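[1] build me a model from this:
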Amino acid sequence: MKILLINPPRSPYNDILKFAPDDARPFIHRRLVGPPLGLLTIASTVPDHDVVLFDMKGEYDMNPESPPLSVLTRQLLEQHHPDVVGVTVITSEFNFALEICRVSKETDPSVITVVGGLHPTLRPADFTDPVVDIIVPGQAANTFRMLIAMIAKKEDLHHLPGIWLNTGEGPQRNPGDLPPVDPAGCDFVFPDRDRLKRWISTYKVGKHPDPTTYLYTSLGCPFTCTFCSIWGQFNGRYHQRSVESLITELKQTTDYPVVRFADANTVVNVDFIHHLFDRIHEEGIRKEFIMDIRADVAVKHPELIEKMARAGLKVVICGFESFRDEELKRYNKRTRAGQNLEAIHVFDANGIMVRGNYVIPNDYTEADFDALAEFSSQNPVVYAGYTILTPMPGTVYFEEVKNQIVEHDFARYNFFNAVLPTTLSYRRFHERAGGLWLIKKGTDVI
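    Model (predicted):
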C-alpha cells in the first residue's frame with residue numbers, strides 16, 4: 001500500500017512582524033526550524049508499505065517559488081498515487097491541513113485521509129469537514145500501524161478503538177480504548193531521518209552553518225501552566241526515555257551536529273540528566289545541544305548546568321513568561337520573576353546563550369509595555385523573545401476566556417497575532433510587542 005505523509009506549511013500570519021518598527025524586524029521570529037519528528041516516527045511504524053514523507057515547510061524554505069499549496073499537493077498525488085494521505089496538524093496549520101485533504105480527495109476520491117498530531121489530540125471534534133476521513137488522537141504510532149493494517153485488509157475501521165471516523169453526522173469516536181502504550185519506553189519507535197535528506201539544508205537555526213534535528217528525552221510535562229497544551233496532550237502524564245535509548249539515537253544523528261531537545265522541560269529528573277550527560281561524555285559524543293530549562297532548575301542545580309555546558313550545551317530556551325509574580329501565579333507557573341535573573345547568571349557563567357521568552361497579555365497598556373521593556377533590558381540575556389498570550393484550543397486558558405475571543409481563524413493562533421480584544425489599538429499593541437524584540441544583551445538596545 002502507498003502512503004503519503006505531509007507536513008503542512010507554516011501559517012503566514014505574523015502581525016508582530018507586520019506592525020513592528022523597521023529596525024526590529026530582522027530579529028523577530030518568522031519560523032520554527034527542525035524536521036517533523038512525529039511524521040518520521042509514524043513512517044517508521046509501517047516498514048512493509050511504500051511510504052513517502054514530504055516536508056512542505058522545508059520545501060518552501062528551500063524554494064520559496066514552489067507552487068501554491070493546492071498545486072503542490074496535486075503534484076504529489078499525481079506523482080505517488082497514494083492510497084492513504086496522512087497530515088500532522090497544529091492549530092495554526094489547521095486550514096492548510098484541510099486544504100491538503102480537500103485536494104487529495106479532488107485528485108483521487110478513493111484516497112483515505114488521516115489527520116493526527118496536537119490539534120487532533122486536543123480537539124478531534126473540530127474536524128467536521130468531510131474531506132477528513134479519520135482522526136487519530138494521542139501518541140499515534142501504534143494506532144497508525146494498526147490502522148494501516150486494517151485498511152490494507154479492508155477491515156471495518158469501526159472496530160479500531162479510540163480513533164474518530166468522519167460520518168454523515170460529523171466526527172464520531174469509536175468506543176473503547178486501545179491497550180496502554182509506553183511511547184517513551186518499550187513502545188518507542190526510532191525515527192528514520194534519512195527520509196528528510198532533501199530538506200536538510202533548511203534545518204538550520206539562525207546563522208549556524210550546520211543543520212539541527214529534534215530529539216526528545218521525554219514526553220509530557222509534570223507542570224500545569226494554564227496556557228500550555230503539552231501537559232493536556234498527555235493527560236498530565238510524564239514519560240521519560242531511557243538513557244541508553246537516547247545514546248543510541250544520538251549516535252544515529254550523524255548528519256546533524258546540532259541537536260535540539262524537543263521536550264517541554266528537558267530537566268525534570270535531575271539524576272537522569274546527570275546520568276545522560278555522563279554517558280554522552282563516556283561515548284565521546286560531540287554535539288552542540290539546545291534545550292528548554294526552567295529558571296528554578298538552573299538556580300537549584302548549577303552543577304548540572306556546568307556539566308551540560310562542558311558536554312556541549314550551547315543554547316538554553318528559558319520561559320520567563322512574565323516579570324511580575326502575580327502574572328506568573330495566574331499562569332500557574334511555579335517560578336518567581338526574581339529567579340529569572342539568578343538563572344541568567346548561572347547560564348552566563350557557563351558560556352551558555354540564553355533565549356528568554358516572555359508572553360504578553362492582551363490587556364497590556366503603554367505603561368505595562370514600558371515596565372516590561374525596562375525589566376528585560378536589565379537582564380543580560382543574549383536574546384529575548386516576545387509572543388502574545390494566546391488561548392490555544394484545548395488549554396485551560398482557552399476555557400477561561402473563550403467567550404472573549406474575537407478572532408476565530410485558527411491560522412492566526414501562532415502566538416504572533418492577538419485573538420482577544422486588546423486594550424491598546426490592535427496596531428499599537430503589535431507595534432509595541434515588535435519593538436521589544438530590539439532588546440538584547442543587557443541594556444544593549446539596538
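[2] what ranges does the stretch 101-250 of the chain have for its strands?
    Per DSSP state E, counting those that start in this stretch, the stretch 101-250 of the chain carries strands over the ranges 112-116, 134-136, 164-167, 170-173, 212-215, 218-220, 238-240.
[3] for residue 35, find the nearest of those.
    strand 212-215 (5.6 Å; CB to CB). Every C-beta, even on glycine, is put in place using the N, C-alpha and C of the backbone.
[4] now the closest one: average pLDDT?
    Averaging pLDDT along strand 212-215 yields 94.
[5] packing partners of it?
    helix 243-252, strand 258-261 (3 or more CB pairs under 8 Å, 6 or more residues apart in numbering; DSSP states H and E).
[6] out of these, which is the most enclosed?
    Mean neighbour count, computed with mean count of other CB atoms under 10 Å, is highest for strand 258-261 among the helices and strands packed on strand 212-215, reaching a mean of 22.
[7] which element follows that strand toward the C-terminus?
    Per DSSP states H and E, the first helix or strand lying C-terminal to strand 258-261 is helix 270-282.
[8] just how off-centre is that next one within its chain?
    25 Å (CA atoms, centre = their mean, to the nearest Å).
[9] helices or strands next to it in the packing?
    helix 243-252, helix 302-310.
[10] now the last one: buried residues?
    So that's helix 302-310. 302, 304-305, 307-309 (16 or more other CB atoms under 10 Å).
[11] got these as a markdown table, with distance to residue 128 columns?
    Output for these, formatted as a markdown table (distance: CB to CB, whole Å):
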| residue | distance to residue 128 |
| --- | --- |
| 302 | 51 |
| 304 | 47 |
| 305 | 47 |
| 307 | 50 |
| 308 | 46 |
| 309 | 49 |
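[12] closest to residue 105 among those?
    For those, the nearest to residue 105 is residue 308 (48.1 Å; CB to CB).
[13] distance of the closest one from residue 276?
    Residue 308 sits 9 Å away from residue 276, going by CB to CB, to the nearest Å.
[14] please apply the same query to residue 436.
    35 Å.
[15] repeat that for residue 162.
    32 Å.
[16] which one of these two is surrounded by more residues?
    residue 276 (22 against 15; other CB atoms under 10 Å).
[17] ok, that one - contacts?
    Listed by CB atoms under 8 Å, 6 or more residues apart in numbering, the contact partners of residue 276 are 217, 243, 246-247.
[18] at 7 Å what do you get?
    Neighbour list for residue 276: 243, 246 [criterion: CB atoms under 7 Å, 6 or more residues apart in numbering].
[19] what do you get for residue 212?
    Contacts of residue 212 (CB under 7 Å, 6+ apart): 33-34, 203-205, 256, 258, 260.
[20] identify the bridge partners of it.
    residue 258 (DSSP bridges).
[21] just for the protein, where's the confidence low?
    Counting by pLDDT under 70, the chain has low-confidence residues at 231-233, 236, 331, 334, 380-382, 440-446.
[22] run a quick neighbour tally on residue 280.
    21.
[23] strand partners (parallel or antiparallel) of the strand or helix carrying residue 6?
    Take DSSP H and E as the rule and residue 6 turns out to sit in strand 2-7. Strand pairing for strand 2-7, using DSSP bridges, gives strand 50-55 (parallel), strand 84-88 (parallel).
[24] tabulate those (a markdown table), appending distance to residue 366 and mean neighbour count.
    Converted to a markdown table, the strands paired with strand 2-7 look like this (distance: least, CB to CB, whole Å; neighbours: other CB atoms under 10 Å):
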| stretch | distance to residue 366 | mean neighbour count |
| --- | --- | --- |
| strand 50-55 | 42 | 20 |
| strand 84-88 | 40 | 26 |
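[25] possible to save those strands as CSV with distance to residue 42?
    As requested, the strands paired with strand 2-7 are exported to CSV (distance: least, CB to CB, whole Å):
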stretch, distance to residue 42
strand 50-55, 9
strand 84-88, 7
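[26] and the nearest residue to residue 187 once chain neighbours are set aside, how many neighbours?
    Excluding the flanking residues, the one nearest residue 187 by CB to CB, 6 or more residues apart in numbering is residue 181, at 4.4 Å. By other CB under 10 Å, 17 other residues sit near residue 181.
[27] wait, residue 181 sits on residue 144?
    No: counting by CB atoms under 7 Å, no contact exists between residue 181 and residue 144, whose distance comes to 11.7 Å.
[28] coming back round to it: which one of the contacts of residue 212 is nearest residue 362?
    Nearest to residue 362 among these, counting by CB to CB, is residue 33 at 27.8 Å.
[29] hmm, residue 208 and the closest one touching each other?
    No: at 9.6 Å, residue 33 and residue 208 do not qualify as touching, with contact defined as CB under 7 Å.
[30] more neighbours, the two?
    residue 33 (20 against 15).
[31] separation between the closest residue to the more buried one other than its chain neighbours and residue 256?
    Nearest residue to residue 33 in three dimensions, chain neighbours excluded: residue 205, at 5.3 Å (CB to CB, 6+ apart). Per CB to CB, residue 205 is found 11 Å from residue 256.
[32] so between those two, which is more surrounded?
    Ranked by neighbour count (other CB under 10 Å), residue 205 and residue 256 place residue 256 first, with 22 against 16.
[33] excluding its backbone neighbours, what's nearest that one?
    residue 213 (3.9 Å).
[34] relative to residue 332, how far out is residue 397?
    9 Å.
[35] who touches both of these two?
    Shared contacts of residue 397 and residue 332 (CB under 7 Å, 6+ apart): residue 226.
[36] the two - which one has more neighbours?
    A direct count of neighbours by other CB under 10 Å for residue 397 and residue 332 places residue 397 higher, at 20 against 14.
[37] what sits against the more buried one?
    When the contact criterion is CB under 7 Å, 6+ apart, the partners of residue 397 are 226-227, 391.
[38] residues of the helix or strand harbouring it that come out buried?
    Element membership for residue 397 (DSSP H and E) is helix 396-401. Within helix 396-401, the residues scored as buried using 16+ other CB under 10 Å are 396-398.
[39] any idea which of those residues is closest to residue 49?
    Nearest to residue 49 among the buried residues of helix 396-401, counting by CB to CB, is residue 398 at 36.9 Å.
[40] surely residue 64 is in a helix?
    No: assessed with DSSP: H, G, I helix; E, B strand; the rest coil, residue 64 is coil; it does not lie in a helix.
[41] what are the phi and psi angles of it?
    Dihedral angles of residue 64 (phi, psi; degrees, to the nearest 10) stand at phi -60, psi -20.
[42] next, count neighbours for it.
    As a burial measure, residue 64 scores 7 neighbours (other CB under 10 Å).
[43] which residues does it contact?
    Contacts of residue 64 (CB under 7 Å, 6+ apart): none.
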